[in-house]
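J.: With the sequence up front, the predicted model follows.
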Amino acid sequence: MAEVRVQEGESLENALRRFKRKVQQEDIIKEVKRHSFYLKPGEKRRAKEALARKRNRKKARKEQD
């Protein structure tokens with residue numbers, strides 16, 4: 001759970017910026033999106049394999065340059 005306390009003399013914009021950074025670091029948004037809908041185990045596996053293929057292609061392209 002991301003929590004940011006507004007410090008004395010700190011602007012609300014700065015506190016909001018710190019909050020956004022903390023949420024991003026803790027991968028809260030990614031977790032919410034992952035739980036927003038159900039994937040069958042087979043679909044989850046195929047998606048994971050597709051991401052792995054994409055990563056490998058990107059890595060191979062990077063090594064080629």
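T.: All right, it came through fine.

J.: Any stretches of this structure with poor pLDDT?
T.: The chain contains no residues with pLDDT under 70.

J.: Give me the longest helix you can find in it.
T.: Longest helix in the chain by number of residues (criterion: DSSP state H): helix 41-64.

J.: residues of that one that come out buried?
T.: Neighbour counts using 16 or more other C-beta atoms under 10 Å place no residue of helix 41-64 among the buried ones. To be clear about C-beta, it is placed using only N, CA and C from the backbone, and glycine gets the same treatment.

J.: same check, this time on stretch 13-30
T.: Going by 16+ other C-beta under 10 Å, stretch 13-30 has these buried residues: Arg18.

J.: Send over it as CSV, restricted to the C-alpha atoms.
T.: Output of stretch 13-30 as CSV, limited to C-alpha atoms (Å, rounded to 0.1, in the frame of the first residue of the first chain):
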residue,chain,number,x,y,z
GLU,A,13,2.2,18.9,-6.4
ASN,A,14,5.4,17.6,-4.9
ALA,A,15,3.5,15.2,-2.6
LEU,A,16,1.5,14.0,-5.6
ARG,A,17,4.7,13.5,-7.6
ARG,A,18,6.2,11.5,-4.8
PHE,A,19,3.1,9.4,-4.6
LYS,A,20,3.0,8.6,-8.3
ARG,A,21,6.7,7.6,-8.2
LYS,A,22,6.1,5.3,-5.2
VAL,A,23,3.1,3.7,-6.9
GLN,A,24,5.1,3.1,-10.0
GLN,A,25,8.0,1.6,-8.0
GLU,A,26,5.7,-0.8,-6.2
ASP,A,27,4.1,-2.0,-9.5
ILE,A,28,0.6,-1.3,-8.1
ILE,A,29,-0.8,-0.3,-11.4
LYS,A,30,0.5,-3.5,-13.1
